[in-house]
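> Provide a 3D model corresponding to the input given below.
(chains A and B)
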Amino acid sequence: MIRIAVGPEDFDPGVELGRLEGLGGGGVASFTGIVRGGDGLLSMRLDHYPAMTVAQIERIVAQANARWPLLGVTVIHRVGELQPGERIVFVGTASAGRIAALESCAFLIDWLKTSAPFWKKESFADGRAAWVEAREDDDAAKERWG
Amino acid sequence: MAHIELVYFAWVREAVGKDGERVVHPGPGTTVADLVSSLAERGGGYSAAFAEPGRLRAALDQEFVPLGTVIGDARELALFPPVTGG
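Residues are numbered from 1 along each chain as shown, chains lettered A, B, ... in the order given. Have a look, this model is predicted:
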């Protein structure tokens, strides 16, 4: 099972985990990303490249499928206006055992952060708004997968 | 005459002031970097967006490419900052 969704709608991690648990494997791993508050952050806007986003996530998922024996992969990425505390991204993987599930989940989120066409803009209580800069440690996290 | 669609994202879009535009295809041997440099020469917001190619990333026909890549017969070139999703 491969399930990829990109859009403004929220998602239910429990429902998503349930789908993955129903695939007959021995392990399901997941990561849920949340909009981090603090520093006066009021909201975050996520832009993406609609003509490319899903195809690029499919390529990343295909790489994970080539490296680990996966029964299922779910990737959900929200776009549009989000507030602190809201869910922004979900990656879930199902496999026969824990190692493939955990490793592929980490691989997928590292690659999503550095290789999928999304851009975040933060708006602050003092009126400032700024595009988030790419982080070198995100690149380093991706590089560890070779 | 052949054309290529340019599409802009994030602060590139804001600096230029539009989502994208159709321009005359500069020729198959032209690199993305060559086209970026010619856009910067337009001045104003274009200069702000394209004067420092090291801050830019690109996709040709919806695939990431290095800026040194030749445009070839691509129909769409996207120009944007490094991605920050996840």
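
> helix or strand for the residue of chain B found nearest chain A, which one?
Residue of chain B nearest chain A, by C-beta to the nearest C-beta: B:G85 (2.7 Å). Using the backbone N, CA and C atoms, a C-beta is placed for each residue, glycine as well. Of the helices and strands defined by DSSP states H and E, none includes B:G85.

> how about the strands of the chain, start to end?
By default, I'm working from chain A. Assigned by DSSP state E, the strands in chain A fall at A:2-7, A:27-34, A:41-48, A:70-78, A:80-82, A:87-95, A:118-124, A:129-131.

> hm, I was asking about chain B
Under DSSP E, chain B gives strands at B:3-8, B:20-24, B:57-60, B:63-65, B:76-80.

> Could you list the paired strands of the second one along with their orientation?
According to DSSP bridges, the neighbouring strands of strand B:20-24, each with its direction, are strand B:3-8 (antiparallel).

> who touches A:E81 in this structure?
A:P8, A:S43, A:M44, A:R45 (C-beta atoms under 8 Å, 6 or more residues apart in numbering or on different chains).

> Next one: the closest residue to A:D47 other than its chain neighbours from A:G146, what distance?
Counting by C-beta to C-beta, 6 or more residues apart in numbering or on different chains, A:D47 lies nearest to A:W119, which is 4.7 Å off, once chain neighbours are set aside. To A:G146, A:W119 is 26 Å away according to C-beta to C-beta, to the nearest Å.

> higher neighbour count, those two?
A:W119 (24 against 5; other C-beta atoms under 10 Å in any protein chain shown).

> how about whichever residue of chain A sits closest to chain B, what does it touch?
Closest contact between chain A and chain B, by C-beta to the nearest C-beta, is at A:F118 (2.7 Å). Residues in contact with A:F118 (C-beta under 8 Å, 6+ apart) are A:L46, A:D47, A:H48, A:T53, A:H77, A:V79, B:V83, B:T84, B:G85, B:G86.

> again, 7 Å this time
A:L46, A:H48, A:H77, B:V83, B:T84, B:G85 (C-beta atoms under 7 Å, 6 or more residues apart in numbering or on different chains).

> Surely B:P28 touches B:D73?
Yes - using C-beta atoms under 7 Å as the test, B:P28 is close enough to B:D73 to be in contact (6.1 Å).

> residues touching B:F9, list them.
B:F9 sits next to A:D47, A:Y49, A:W119, B:A78, B:F80 when contact means C-beta under 7 Å, 6+ apart.

> Chain B contacts on chain A?
Counting by C-beta under 7 Å from any C-beta of the partner chain, chain A comes close to chain B at A:33, A:47, A:49, A:51-52, A:55, A:77, A:89, A:109, A:112-114, A:116-120, A:131-132, A:134.

> Mind pulling up the pLDDT for the residue nearest to A:E103 when sequence neighbours are not counted?
Leaving aside its chain neighbours, A:E103 sits nearest to A:W68 (6.4 Å; criterion: C-beta to C-beta, 6+ apart). Note on A:W68: pLDDT of 98.

> is it true that B:A48 touches B:A15?
Yes - between B:A48 and B:A15 there is a contact under C-beta under 7 Å: 4.3 Å.

> Tell me the residues of chain B that contact chain A?
Checking chain B against chain A by C-beta under 7 Å from any C-beta, the hits are B:9-11, B:59, B:62, B:78, B:80-86.

> Fine by me, thanks again.
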